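> sequence first, predicted model second:
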Amino acid sequence: MCKRWKTVFVLTLTTFVLSILLNLSSNSLLAFLPLAPSLVLLLFIILIGVLFDVIGVAATASDESPLHAMASNRIVGAKQAIWLVRHADGVSTFCNDLVGDVAGTLSGAIGVSLIFQLSPPSLGLEETLTTTFIVALVAAFTVGGKSLGKSFAISNSTSVLIAVGRVLRSLEALGLTLDSTAVKNKKR
């Protein structure tokens, strides 16, 4: 139980720090960007949230059997995909909760920043309607994208995990690993 509380604490602290860093950097960037690139940044952040949601769902929905067959055939990324399935709870927490929720919160904040770019703040009905519309649009794109992504992730979990496994394999080639036992085994 103590280990779980430590994990929750680390996750909460990581989310807090990550949110601050991403919010400061995106707001700083928005101060210099015109409207069109700001919209592209907003869509990019929404897509990041959707993409990580797809990865988290695929990890929880996948079966190890086809991945073991691929690993025995030396398919690049299959071993990493197996790791993702075996650690599905942590992968889901990281992808869906940490990255997904931070991206959702950040996209809402960027949406509000875009409103201030469009018009100076006032307390009129027009700004209230504009704010409501933009926030609803951001929420709709986020929820709609995640809904499509979840269906895709469940139907294509093996393909999704192999693709992510290939990315992880590339990162391992650069010396970055996810599993602490891999680091211990390299030292031996």
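Done, it's in. Since the structure is predicted, the reported quantities are computational estimates derived from the model, not experimental observations.

> what's the host helix or strand of Leu13 packed up against?
If you go by DSSP states H and E, Leu13 is part of helix 2-32. Packing partners of helix 2-32 (3 or more C-beta pairs under 8 Å, 6 or more residues apart in numbering; DSSP states H and E): helix 35-61, helix 100-118. Yep, even glycine has a C-beta here, placed from its N, CA and C like the rest.

> mean neighbour count, mean pLDDT and distance to Arg86 for those helices - can I get that in a markdown table?
A markdown table is the format used below for the helices and strands packed on helix 2-32 (neighbours: other C-beta atoms under 10 Å; pLDDT from 0 to 100; distance: least, C-beta to C-beta, whole Å):
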| stretch | mean neighbour count | mean pLDDT | distance to Arg86 |
| --- | --- | --- | --- |
| helix 35-61 | 20 | 92 | 9 |
| helix 100-118 | 19 | 83 | 21 |
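
> for those helices, give me JSON lines that also has distance to Gly77.
Putting these into JSON lines (distance: least, C-beta to C-beta, whole Å) gives the following:
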{"stretch": "helix 35-61", "distance to Gly77": "13"}
{"stretch": "helix 100-118", "distance to Gly77": "22"}
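
> between these, which gets nearest to Leu148?
Closest to Leu148 of the helices and strands packed on helix 2-32 is helix 35-61 (C-beta to C-beta; 7.8 Å).

> ok and the closest one relative to helix 2-32, angle-wise?
160 degrees (axes from the mean of the first three to the mean of the last three C-alpha atoms, to 10 degrees).

> helix 35-61 to helix 100-118, inter-axis angle?
Using the same axes, to 10 degrees: helix 35-61 against helix 100-118 is 170 degrees.

> from the contact counts, what lies against whichever helix or strand comes after helix 35-61?
Next along the chain after helix 35-61, taking DSSP H and E as the criterion, comes helix 64-72. On a contact count with 3+ C-beta pairs under 8 Å, 6+ apart, helix 64-72 meets helix 78-86, helix 157-173.

> tell me the most buried of these?
Sort the helices and strands packed on helix 64-72 by mean neighbour count, taking mean count of other C-beta atoms under 10 Å, and helix 78-86 sits at the top with a mean of 22.

> ok and that one relative to helix 157-173, angle-wise?
Using the same axes, to 10 degrees: helix 78-86 against helix 157-173 is 120 degrees.

> let me see the mean pLDDT of helix 78-86.
Across helix 78-86, the average pLDDT comes to 95.

> pull the number of nearby residues for Arg74.
Arg74 is flanked by 8 other residues according to other C-beta atoms under 10 Å.
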